[in-house]
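Colleague: could you work out the structure for the sequence below:
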Amino acid sequence: MIKNILKGAAIAAVVVSASSAMAAEKLRIGISSEAYPPFSSQNATNQWEGFEIDLLAAICKEMKVECKIVSTAWDGIIPALKAKKIDAIFSSMSITADRSKVIDFSDKYYNTPAEIIGKKDAPAISTVANPDGKGGKIANPADMAGKIIGVQTATIHADYANTYLKGATVKIYDTTDNHNADLVAGRVDYALEDSIVADEFLKTPAAKDLGVKLIVPNDPIFGTGVGVGIRKGDKLKDRFNDAIKAVRASGEYDAIAKRYFAFNVYGD
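Modeller: Numbering: from 1, shown residues only. Have a look, this model is predicted:
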């Protein structure tokens, strides 16, 4: 997700058990209410599942706390944190300079690139390096002239599109699912989103006519990976950092990741 924020509401809650015994301390963990497989989503029985859900359970166990998932609208998740409606954000939120001005972050717990998808017969998109050697941009922005690209609101993908895709019309959606639906329907030409989420979508029957047009080069806009969002100055930052390190050192992180990915999702 890999997600910049503004209003919202807590909608539903689920408990991630920290241990078989009742934990003395309880934390409210904000997770975006939209389905974001394979990271987090609710199944047919409204149970949360996915890589982040399994990892969160391991981290909460390491911290010896009971974590209650609070389903929150994506564009309201940072305000919910600042208003103390939740204690932390564990929802594919990229660590960026702009977000770090208003909240703190733990160390990263995964890092994946962005991807542009479109019709299989649409032209491929190429990039060139930025003059400063940091990241890349569309090689010929004029190729995007007149095109419509869908992005989710308050995300690093929206920031990238608005910065680099000057020739295109950037259309903002409330959820990734909605801009993907419009891509299938032909109402947008491309969609820019997290590569893992895009690849999951491309496996579905609805996406049979779609394909990858570009794995977007790394760029400072995308931040330094996904971390736990925490209120400024909150000591939870150190506790989450210690727990993430411990889960990685024990091998449990890799065991969880292998259930979902055939590559190193943690990144370099």
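
Colleague: C-alpha from now on. contacts and neighbour counts both.
Modeller: Noted.

Colleague: after whichever strand or helix holds Lys61 comes which helix or strand?
Modeller: Counting by DSSP states H and E, the element that carries Lys61 is helix 51-63. Following helix 51-63 in sequence order, the next helix or strand is strand 66-72 (DSSP H and E).

Colleague: note down every partner strand of that next one and its orientation.
Modeller: strand 10-16 (antiparallel), strand 26-32 (parallel) (DSSP bridges).

Colleague: where among those is the average confidence lowest?
Modeller: With a mean of 45, strand 10-16 has the lowest mean pLDDT of those.

Colleague: would you mind measuring from Arg259 to Phe240?
Modeller: As judged by Cα to Cα, to the nearest Å, Arg259 and Phe240 stand 22 Å apart.

Colleague: more crowded one of the two?
Modeller: Shown here are Arg259 and Phe240; by other Cα atoms under 10 Å, Phe240 has more neighbours (23 against 11).

Colleague: next up, the contacts around that one.
Modeller: Ile59, Met63, Ser106, Val228 (Cα atoms under 8 Å, 6 or more residues apart in numbering).

Colleague: next: Ala97.
Modeller: Listed by Cα under 8 Å, 6+ apart, the contact set of Ala97 reads Gly223.

Colleague: next one: it, what pLDDT does it get?
Modeller: 94.

Colleague: angles on the backbone of it, please.
Modeller: Backbone torsions of Ala97, given as degrees, to the nearest 10, read phi -60, psi -40.

Colleague: distance of it relative to Glu200?
Modeller: The gap separating Ala97 from Glu200 is 28 Å, by Cα to Cα.

Colleague: at which residues are the helices of the stretch 51-200 of the chain located?
Modeller: Taking DSSP state H, counting those that start in this stretch, the helices of the stretch 51-200 of the chain run over residues 51-63, 77-82, 97-100, 156-164, 176-185, 195-202.
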